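Undergrad: here's a sequence, model it:
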Amino acid sequence: MQKRYGVHVIFILTVCFFAFFINNDAVRVNGPEARNLVTAREIAEYRNWTAPTLNGEPRAQKPPLPAWIAALAERVSPDNLVLQRAIAGTMAMIAVIFFYMFAMTLARGKLFGLLSALVLATCFSMVMMGRTIDGYSHAHAFMLGAIFFFFRAAIANRTRWWNFLSAGALLGAAFLSRGLELFYTLFLPFILSFTILYRPRFRHKIWPAALMTLVAIAVGGAWVLLARQSGKNIEPFMVFNTRPWYYYWRFFTESGIWSLFLLTGLFGWCWMRRRVTLKKEYNFSVLWLLLALLLLTLFPGKSTRYLPSVLVPAALVIGHYVTDIFNRARDGQLTPVDKIIFRLNAFLPAALGLGVPVALHVMFYPRLGLFLYLLFSILFLLVSLSIFAGGLKLKPLKMFSGMMVMMILVETFLLSHLAGTFNNPDRNTIRATRHMEHLQHLTFYHPAGEALRVELIYEAGRRVLPLDLGSPPSPDLLPAVLVSSLPADQVLPDAWLERVATRQVGHYDNNPFRGRSPVGLLCHVTLLEQREK
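TA: Numbers count the residues shown, from 1 in each chain. Modelled structure (predicted):
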């Protein structure tokens, strides 16, 4: 049994490696990532661990733990995007492992835990979360660890202080990573569904539960102290971009290739709940998913970035459906309806795989060349035919394995080419100023009344401070560098132009993606020097 457990973990880690680490620098840095990377860089450069800043401004209103971890990586290897995203991938991998242990404990079976964990690791939103430096992978790793230890402690016949203590520490770490956000989107619906269906008895576990709460407050309280020290208020735990109540109706698409499986496992509750072996566990998974969606719907602020929390119970629901099909196919108990639904679930991803060669020819053929085009096409055709054969012959293992291989092929061979389709080929960033010797020791400024995109700060590799143009320049200010959306002679007032000589350094387009550059990503960089009298 222990040997099988080790094989399962190795298999999960292998899939996670392809899901989170291969080509993790293919997609350009976005705004949220840039904010975290700039904060980490300033912590490492200025040693302001207890007072994090973003472009010199206090940022203690944000959870500090991801920035601290990124700052440590910045100290080891400065400006290393691959390393920083690998840390996010590592945290996502830890989240999947904790989820595997939880699912295995929930169902008392390793097959269910393995299938559910593999589903979670290959869901679209989970893959993207593990490739993004925004703290969500940290928070999910800590929260899933807390749920696992709390669940073990709650269902145990005897009191397990260590599990409660571990759950408390991980809850505090989750708070330090994303604030109260995952407590609302992940932990609260778990607690509600667990209480409703399992009705745990805590009469003899009140003190360990109290210890868990105190430890969570003690660990998470570090952020509160930092925020008070800097004079900042902790940010609201969810955004307030109000959207209609039906905003999350497409939640199932966040699971990617598992979308139809999720709909089957969820809407098939009416007939599956009477036939699955793990009836209470299946009902618990469905209730957890529905409560998570309900709580997200009730909150006025809505965003797709909250949906990875929904994928956790969704992966359990899919795991129940796939495990049930595995068992029934093995025992020859598949009904005609089972066969139809199973084949539909298999034929859809197989059809998508069969369409890949066409997409490759239309989108990438000139860039790929004949050899790579033929290689990719043959691989996807073989995997698609394997999935199709698995569905046709009612072989769940063949179908499931084929879908795993298809995800690995996409992440290994196509992700960089897909990213290249969206990346801006004409991008000319302010990063070029990092290598200009005459600018190395000068201070960068931007007009105080002009909004500055954080992407520019990240690409410049230094702080770009606000400059008050309402008063004449002081002699000790110059020379300096001005970053502005318009040319310097259109930005500087006459009082400045009379005293300052301007020399154009460059005009930069920092838009990472194709299409017209948004306001703020086009900038002029100008060297300001004392005008000779």
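
Undergrad: what sits against Val383?
TA: Gly353, Gly402, Val405, Met406, Leu409 (Cβ atoms under 8 Å, 6 or more residues apart in numbering). Every C-beta, even on glycine, is put in place using the N, C-alpha and C of the backbone.

Undergrad: okay, and it sits in which element?
TA: Assigned by DSSP states H and E, Val383 belongs to helix 365-392.

Undergrad: helices and strands around the next helix or strand after that helix, which ones?
TA: Past helix 365-392, further along toward the C-terminus, the next helix or strand under DSSP H and E is helix 396-409. Using 3 or more Cβ pairs under 8 Å, 6 or more residues apart in numbering; DSSP states H and E as the contact definition, the elements that helix 396-409 packs against are helix 2-20, helix 110-122, helix 307-331, helix 336-354, helix 365-392.

Undergrad: and the helix holding Val383, what's buried?
TA: Using 16 or more other Cβ atoms under 10 Å as the burial criterion, the residues of helix 365-392 that qualify are 368, 373, 376-377, 379-380, 383-384, 386-388, 390-391.

Undergrad: also stretch 248-258?
TA: Within stretch 248-258, the residues scored as buried using 16+ other Cβ under 10 Å are Tyr248, Phe251, Phe252, Glu254, Ser255, Gly256, Ile257, Trp258.

Undergrad: ok, the fifth one to Pro472 distance?
TA: In other words, Ser255. Note on Ser255: its distance to Pro472, by Cβ to Cβ, to the nearest Å, is 60 Å.

Undergrad: confirm Pro466 sits in a strand?
TA: Yes - secondary structure assignment (DSSP: H, G, I helix; E, B strand; the rest coil) places Pro466 inside a strand.

Undergrad: gap between His417 and Ala88?
TA: Note on His417: its distance to Ala88, by Cβ to Cβ, is 22 Å.

Undergrad: tell me which of those two has more neighbours.
TA: Neighbours were counted for His417 and for Ala88 using other Cβ atoms under 10 Å; Ala88 has more, 28 against 17.

Undergrad: pLDDT averaged over stretch 115-134, what's the number?
TA: Model confidence over stretch 115-134 averages 93 on the pLDDT scale.

Undergrad: low pLDDT regions in the stretch 251-400 of the chain?
TA: 365-366 (pLDDT under 70).

Undergrad: how about the stretch 101-250 of the chain?
TA: 231, 235-241.

Undergrad: quick one on the thing from earlier: pull the distance from the helix holding Val383 to the chain's centre.
TA: Counting by Cα atoms, centre = their mean, to the nearest Å, helix 365-392 is centred 29 Å from the centre of its parent chain.

Undergrad: contact partners for the spatially most central residue of the chain?
TA: For the chain, Met129 is the residue whose C-alpha lies nearest the centre (Cα atoms, centre = their mean; 1.8 Å). Applying Cβ under 8 Å, 6+ apart to Met129 gives the contacts Ala88, Ala92, Tyr136, Ser137, His140, Pro308.

Undergrad: how about Pro425?
TA: Contacts were defined as Cβ under 8 Å, 6+ apart; by that measure Pro425 touches Arg514.

Undergrad: share the number of residues neighbouring the closest residue in space to Gly135 that isn't next to it in sequence, please.
TA: Beyond its immediate neighbours in the sequence, the residue positioned closest to Gly135 (Cβ to Cβ, 6 or more residues apart in numbering) is Pro66, lying 3.7 Å away. Other residues near Pro66 number 25, with proximity taken as other Cβ under 10 Å.

Undergrad: surely Pro66 touches Ala141?
TA: No - the criterion here is Cβ atoms under 8 Å, and Pro66 misses it with Ala141 at 10.9 Å.

Undergrad: domains in this structure, by residue range?
TA: The chain is divided into the following domains under automatic domain parsing: 2-235, 334-422, 430-530.

Undergrad: so which of those domains gets nearest Phe299?
TA: When those are compared for distance to Phe299 using Cβ to Cβ, the nearest one is domain 2-235, at 7.3 Å.

Undergrad: contacting residues for the closest residue to Leu415 other than its chain neighbours?
TA: The spatial neighbour of Leu415 that comes closest, neighbours along the chain excluded (Cβ to Cβ, 6+ apart), is Asn23 at 4.5 Å. By Cβ under 8 Å, 6+ apart, the contact set of Asn23 is Glu411, Thr412, Leu415, Ser416, Ala419.

Undergrad: cutoff 10 Å now
TA: Residues counted as contacts of Asn23 (Cβ atoms under 10 Å, 6 or more residues apart in numbering) are Val82, Arg131, Glu411, Thr412, Phe413, Leu414, Leu415, Ser416, His417, Leu418, Ala419.

Undergrad: quick one: the second one is in a helix?
TA: This means Arg131. No - secondary structure assignment places Arg131 outside any helix; it is coil (three-state DSSP).

Undergrad: picking that back up, quick one: common contacting residues for Pro66 and Ala141?
TA: Shared contacts of Pro66 and Ala141, defined by Cβ under 10 Å, 6+ apart, are found at Ala88, Met91, Ser177.

Undergrad: host element of the last one?
TA: When secondary structure is defined by DSSP H and E, Ser177 falls within helix 161-178.

Undergrad: so what secondary structure elements neighbour the next helix or strand after that helix?
TA: Helices and strands here follow DSSP H and E; after helix 161-178, the next one along the chain is helix 181-182. Helix 181-182 is packed against helix 136-155, helix 161-178, helix 307-331, with contacts defined by 3 or more Cβ pairs under 10 Å, 6 or more residues apart in numbering; DSSP states H and E.
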